[in-house]
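Chemist: I would like to see how this sequence folds:
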Amino acid sequence: MVNAIKRTIVCFGDSNTWGYDAKTDQRFNDEIRWTGLLHAELGDAYRVIEEGLPGRTSVSDDPLFEGLAGIAYLYPCLMSHAPLDLVVIMLGTNDTKERFALTSYNIAQGIVRLAHKARGSGAGPAGKAPEVLVIAPPPIGAEYLNTPIGKPMGSNCSEKSMELSQHLAALLSGTDIHFIDSREYVSMNEIDYMHLDIQGHRNMADLVKYHVKRILE
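Modeler: I've put the predicted structure just below:
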C-alpha cells in the first residue's frame, strides 16, 4: 500500500508563531498554539511545520541579539523542509521596534521581499514555486508602552503596526502571493498588548485553516 503524499505547510514567524505566553513568560503547549490547532484540524493529510522564533524580524539585523533577521534564514529553512505546498509568513511586530528606525511602509517592503523570496525559492513540489500566504499580524495595542515591554520596544510601535496591513495589501495587490489582514478576526492580549492569548491562537487557527483550504483545495 502506497502512503498518500501529505500537503506540507511551513509557518514562518516570530513569537506569535512560536507561541509565547505573556502571562507565564513560557511557551503555550501544542494544543493551544495556532499552529498546533491548525495541524490537528487539517488532519493527517497535512504536515504543519512551526518555524517561529521570538524576536524575528523580516530583514533587519538586530544590534542587540543575533540571528533574528528572517531574510538570512528563509531559504535554508524552506529547502530543508522541501517539498512544500504553502509557506505562511506572519512577521512585522518586531520590525516596529524604535531601534530599527523603519516606517510602516519600510516594514511592509521587507515582508514582501521575504514573500517573493519564498515564492522563488524552488521549494515547491518538483522544484516549482510553493504557494505563499502573507498574514498582517494583529496591531500592537497602544497600551504596550505602559508594560515592561514598552522600554525595549520604544515609541510609535502601535502606530506603525496599525498602518502595516494597508501597505502590505497595496504592495501585494496584483501579485501571485496571497494576503490576509488578521485584525478583523484576531486581537492581541491585554497583558503586553503584542502577543496572542489563548483565544487569539484559536481565532488565528480558524482564520488560517479557512485560507489553507481555499488555496490548496
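
Chemist: Let's see the distance spanning stretch 132-145 from one end to the other.
Modeler: For stretch 132-145, the first-to-last residue distance is 33 Å (C-alpha to C-alpha, to the nearest Å).

Chemist: what is the mean pLDDT for that stretch?
Modeler: For stretch 132-145, the mean pLDDT works out to 98.

Chemist: Nearest the middle, which residue of the protein would you pick?
Modeler: Taking C-alpha atoms, centre = their mean, the centroid of the chain lies closest to residue 90, which sits 1.7 Å from it.

Chemist: quick one: that residue and residue 84, what's the gap?
Modeler: For residue 90, the distance to residue 84 (C-beta to C-beta, to the nearest Å) stands at 16 Å. For glycine as for every other residue, the C-beta is placed from the backbone atoms N, C-alpha and C.

Chemist: quick revisit: need phi/psi at the residue nearest to the centre of the chain.
Modeler: For residue 90, the backbone dihedrals are phi -130, psi 100 (criterion: degrees, to the nearest 10).

Chemist: can you tell me how far it sits from residue 182?
Modeler: From residue 90 to residue 182 the distance is 8 Å (C-beta to C-beta).

Chemist: Now for these two: what residues contact both?
Modeler: Listed contacts common to residue 90 and residue 182 are 135, 136, 137; contacts here mean C-beta atoms under 8 Å, 6 or more residues apart in numbering.

Chemist: Assess the claim that the last one and residue 180 are in contact.
Modeler: No. Under the criterion of C-beta atoms under 8 Å, residue 137 makes no contact with residue 180, lying 10.7 Å away.

Chemist: So the two - more neighbours on which side?
Modeler: A count of neighbours by other C-beta atoms under 10 Å puts residue 137 above the other of residue 137 and residue 180, at 26 against 21.

Chemist: can you tell me how far the more buried one sits from residue 83?
Modeler: For residue 137 relative to residue 83 (C-beta to C-beta), the value is 27 Å.

Chemist: just residue 125 next, same as before
Modeler: 4 Å.

Chemist: same question, residue 51
Modeler: Distance from residue 51 to residue 83, by C-beta to C-beta: 16 Å.

Chemist: quick one: which of these two has more around it?
Modeler: More crowded of residue 51 and residue 83, by other C-beta under 10 Å: residue 51, with 22 against 16.

Chemist: Not counting its neighbours along the chain, what's nearest that one?
Modeler: residue 12 (4.7 Å; C-beta to C-beta, 6 or more residues apart in numbering).

Chemist: Residue 137 is in contact with residue 96, correct?
Modeler: No. Residue 96 lies out of contact with residue 137 (C-beta under 8 Å); the separation is 10.1 Å.

Chemist: Need the overlap of contacts for these two.
Modeler: 161, 164.

Chemist: Could you point out which residue ranges in the protein have low pLDDT?
Modeler: Applying pLDDT under 70 to the chain flags residues 1-4.

Chemist: Tell me where it has helices.
Modeler: Assigned by DSSP state H, the helices in the chain fall at 15-18, 34-42, 70-81, 104-119, 150-153, 157-172, 198-216.
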